[in-house]
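Engineer: Could you work out the structure for the sequence below:
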Amino acid sequence: MKKKKQEEHENSERWLLSYSDFMTLLMILFVVLYAMSNVDKAKFSQLSQSMSIAMGGGKIMQGNENSPNISNSSPSGNSSDGKTEESKMEDLKKKVDSYLQKKWNAK
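Structural biologist: As a prediction, this is how the structure comes out:
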């Protein structure tokens, strides 16, 4: 008499083992990268200033934890008093208001 073959049970959750291994290795990678990193304050300050200038100027926050220093900067490197920015915003507001008024009255 022949022996019956036992049906093999297929595990549908096998992917969880691979997924958990991958997540563990990824976490270890970031922990090692964090442990190896050294933040150079001078380079970070220089990067912050150059990014601010590249993004159109504005306020830069610099300093250590105890005494932050907030300064205005412009793309040319000269500090501005902000009045020109306010006047530009007022002009823009007037233009938008007049545009909306024209569209509102047209209906």
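Engineer: chain center to stretch 98-107, what's the gap?
Structural biologist: 38 Å (CA atoms, centre = their mean, to the nearest Å).
Engineer: Same question for the helix or strand that contains Gln49: list its buried residues.
Structural biologist: Under the criterion of DSSP states H and E, Gln49 resides in helix 41-54. Neighbour counts over helix 41-54 (16 or more other CB atoms under 10 Å) mark 52-53 as buried. C-betas here are computed from N, CA, C, even on glycine.
Engineer: same for it, what does it pack against?
Structural biologist: strand 58-63, strand 68-73 (3 or more CB pairs under 8 Å, 6 or more residues apart in numbering; DSSP states H and E).
Engineer: and these, which one is worst for confidence?
Structural biologist: Lowest mean pLDDT within the helices and strands packed on helix 41-54: strand 68-73, at a mean of 55.
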